[in-house]
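Colleague: no FASTA, just this:
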């Protein structure tokens, strides 16, 4: 029924008010009413920036507008189809549909699941659970559900005084998402290189493609150049009419297309901080953020991204990587430049932009190359870096994983401090539950994405094992004379290296069951102890 358009405010109001500054002057604001209007104006400016791009499209604008206008007419057959798509009932819908809290001030959408369990008709304000299939039978979404109440989330490690470092989020419906995913999957519309929020595909699979491509080049004496694109405000700047045009080109059924069109158009948003809410503003461009449906809308929008046979593409929603390899570094750079030139034209046509200053490029080679060919975009040189963070893993130019493992060490050292009262030697908690804290919360910090970096040198893995041993000894209150191996045997806990190997073996075994052309093209080789390829971890 309804999209869940409300944001759960995870940031404490005190922390937010003390850090976010006025976006017009350099003074700290502590009045919620003042802050939300500033944030709203900034979000509005971002959403309207699409209009600054040249009005150049892949086909004449009149053709796009005509195709979008044709979608306005829905036959009676389509209306019946929509009703059949979404059979509604109270019992089957409460868990996934929105609650509209009706009071004198109007209807506001509520997300919190606890409210669904506690709200009742005897409360003072008499809230009502409005479950109706009128939106589907009428091929439109009610206007009340098109106003997203959002709150700004600070991006990790960013300056809290800068408005662009806050991510506005609203939680959306999953009902429309299910039907759109069904259409995309059944008709195999999305390109195989797009892994974003697709069944059985994760960021680890996309990283594996990149690492396998690079390490296979090492064995052939080839160097690999990789460009990791930073798309500016990808979801905020999606051209709605262009998206609808592409959905039409992908032969989206009329009944589903009309519902998607109604859902996307004439949307509004308001910023909420604490108990203060700003005036609602109209979204001229961009797709609603914060839910699973946003990247699914984005994927068909960029599905026709141009390719070249000399490069490898990797996409996870808006995270895009381009790789090329050759024994001659000049040919590697030439292939990347050719691909970037095609992308530049395509981005202009569809009102997408990537930030050259934040785009990273890494030259992967076994030996240190003193001379590297220039890679450019828009006559701006993309600087070669010694490392880049791609989908959560730091890839250095020799793929030693040294810096990534150092980052893991830092995170792991910080995590036990927050839970020290639970696992301390003087804690009265049963040892069984202390071990559960470690295996369920702390150990995943180390093993996350381990099928990619697990083949690192033993000296690197040993550093992580030392950290784990310290925690295990703390939990078990072990004396200095007790051996780590004896402690593990007593509590029946396998070593970290064995656990990483176990996870990796399961990951690589499941690759054969994934129905994706890009995954099936991965080489199924026998690991070599002397190689740097990821499957070395299986030895």
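Modeller: Yep, that arrived. These numbers were taken from a predicted model, which means no experiment stands behind them.

Colleague: the stretch 151-300 of the chain: helices as residue ranges?
Modeller: Assigned by DSSP state H, counting those that start in this stretch, the stretch 151-300 of the chain shows helices spanning 175-186, 203-219, 240-249, 254-264, 293-301.

Colleague: which strands and helices lie in contact with the last one?
Modeller: When you say that, I think you mean helix 293-301. helix 175-186, helix 240-249 (3 or more Cβ pairs under 8 Å, 6 or more residues apart in numbering; DSSP states H and E). Using the backbone N, CA and C atoms, a C-beta is placed for each residue, glycine as well.

Colleague: any idea which of those helices is most buried?
Modeller: helix 240-249 (a mean of 20; mean count of other Cβ atoms under 10 Å).

Colleague: quick check: mean pLDDT of that helix?
Modeller: Mean pLDDT, helix 240-249: 90.

Colleague: helices or strands up against it?
Modeller: Going by 3+ Cβ pairs under 8 Å, 6+ apart, helix 240-249 lies up against helix 61-70, helix 254-264, helix 293-301.

Colleague: the strands in the stretch 251-400 of the chain, which residues?
Modeller: Per DSSP state E, counting those that start in this stretch, the stretch 251-400 of the chain carries strands over the ranges 268-273, 276-277, 281-282, 312-316, 319-326, 360-364, 376-377, 380-381, 384-385, 387-390, 393-396.

Colleague: now these in JSON lines, with distance to residue 252?
Modeller: Listed next are these as JSON lines, based on distance: least, Cβ to Cβ, whole Å:
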{"stretch": "strand 268-273", "distance to residue 252": "24"}
{"stretch": "strand 276-277", "distance to residue 252": "35"}
{"stretch": "strand 281-282", "distance to residue 252": "25"}
{"stretch": "strand 312-316", "distance to residue 252": "21"}
{"stretch": "strand 319-326", "distance to residue 252": "24"}
{"stretch": "strand 360-364", "distance to residue 252": "35"}
{"stretch": "strand 376-377", "distance to residue 252": "33"}
{"stretch": "strand 380-381", "distance to residue 252": "37"}
{"stretch": "strand 384-385", "distance to residue 252": "40"}
{"stretch": "strand 387-390", "distance to residue 252": "32"}
{"stretch": "strand 393-396", "distance to residue 252": "35"}
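
Colleague: among these, which comes closest to residue 337?
Modeller: Of all these, it is strand 376-377 that lies closest to residue 337, at 6.3 Å by Cβ to Cβ.

Colleague: from residue 354, how far off is the residue nearest to residue 306 when sequence neighbours are not counted?
Modeller: Spatial nearest neighbour of residue 306, chain neighbours left out: residue 342 (4.3 Å); criterion: Cβ to Cβ, 6 or more residues apart in numbering. Computed as Cβ to Cβ, to the nearest Å, the residue 342 to residue 354 distance reads 13 Å.

Colleague: sec struct for residue 523, please.
Modeller: coil (DSSP: H, G, I helix; E, B strand; the rest coil).

Colleague: could you list the buried residues of the longest helix along the chain?
Modeller: Scanning the chain for the helix with the most residues, using DSSP state H, yields helix 329-349. Of all the residues in helix 329-349, those buried under the rule 16 or more other Cβ atoms under 10 Å are 329, 331-337, 339-340, 343-344, 347, 349.

Colleague: hmm, back to that, could you dump the helices and strands packed on helix 293-301 to a markdown table with distance to residue 491?
Modeller: A markdown table is the format used below for the helices and strands packed on helix 293-301 (distance: least, Cβ to Cβ, whole Å):
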| stretch | distance to residue 491 |
| --- | --- |
| helix 175-186 | 43 |
| helix 240-249 | 54 |
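
Colleague: of all those helices, which lies closest to residue 505?
Modeller: Of all the helices and strands packed on helix 293-301, helix 175-186 comes closest under Cβ to Cβ, at 28.3 Å.

Colleague: relative to helix 293-301, how tilted is that closest one?
Modeller: Relative orientation of helix 175-186 versus helix 293-301 (axes from the mean of the first three to the mean of the last three Cα atoms, to 10 degrees): 30 degrees.

Colleague: returning to what we had before: can I get the helices of the stretch 151-300 of the chain in a markdown table with distance to residue 392?
Modeller: Listed next are the helices of the stretch 151-300 of the chain as a markdown table, based on distance: least, Cβ to Cβ, whole Å:
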| stretch | distance to residue 392 |
| --- | --- |
| helix 175-186 | 24 |
| helix 203-219 | 6 |
| helix 240-249 | 28 |
| helix 254-264 | 30 |
| helix 293-301 | 16 |
